[in-house]
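K.L.:
Have a look; sequence and predicted model below, questions after that.
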Amino acid sequence: MTYVVDLERREVRALARIAPWRGRRVIELGCGDGRLTLRLAALGARVLAIDPDAECIRAARLALPERFADRVRYRVGRAGRLNARAESYDLAVFSWAL
């Protein structure tokens, strides 16, 4: 069975209304397989996507389309220990991660 999420693109429209994403530096905590990460990148964000599950990060990296390679970085990590070397972000996303 095929699993389809947000066929009507409601999530993308909702994200577009929340904030101006284009050119923004975004940190996404709990990115899982990168589904939302790719939507943020499609809206023009530069995303650091973090998840504690190394297998999810590996799958996300393998599925990263070439057109987003310069805008998305995946990292294994936890929200409580980011080790984000003095980096700052315009927006933070924590969604579907509990």
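P.N.:
All right, it came through fine.
K.L.:
ok, and the residue nearest the centre of the chain, which helix or strand is that part of?
P.N.:
Central residue of the chain (C-alpha atoms, centre = their mean): Thr37, 2.4 Å from the mean position. Thr37 is located in helix 35-42, with elements delineated by DSSP states H and E.
K.L.:
how close does Arg13 get to Thr37?
P.N.:
Counting by C-beta to C-beta, to the nearest Å, the separation of Arg13 from Thr37 is 17 Å. Where C-beta positions appear, they are placed from N, C-alpha and C, glycine not excepted.
K.L.:
wait, Ala59
P.N.:
For Ala59 relative to Thr37 (C-beta to C-beta), the value is 12 Å.
K.L.:
and what of Ile27?
P.N.:
Taking C-beta to C-beta, one finds Ile27 at 11 Å from Thr37.
K.L.:
ok, how many other residues are close to Asn64?
P.N.:
I think there's a mix-up here, since residue 64 is Leu and not Asn. For Leu64, the count of nearby residues is 19 (other C-beta atoms under 10 Å).
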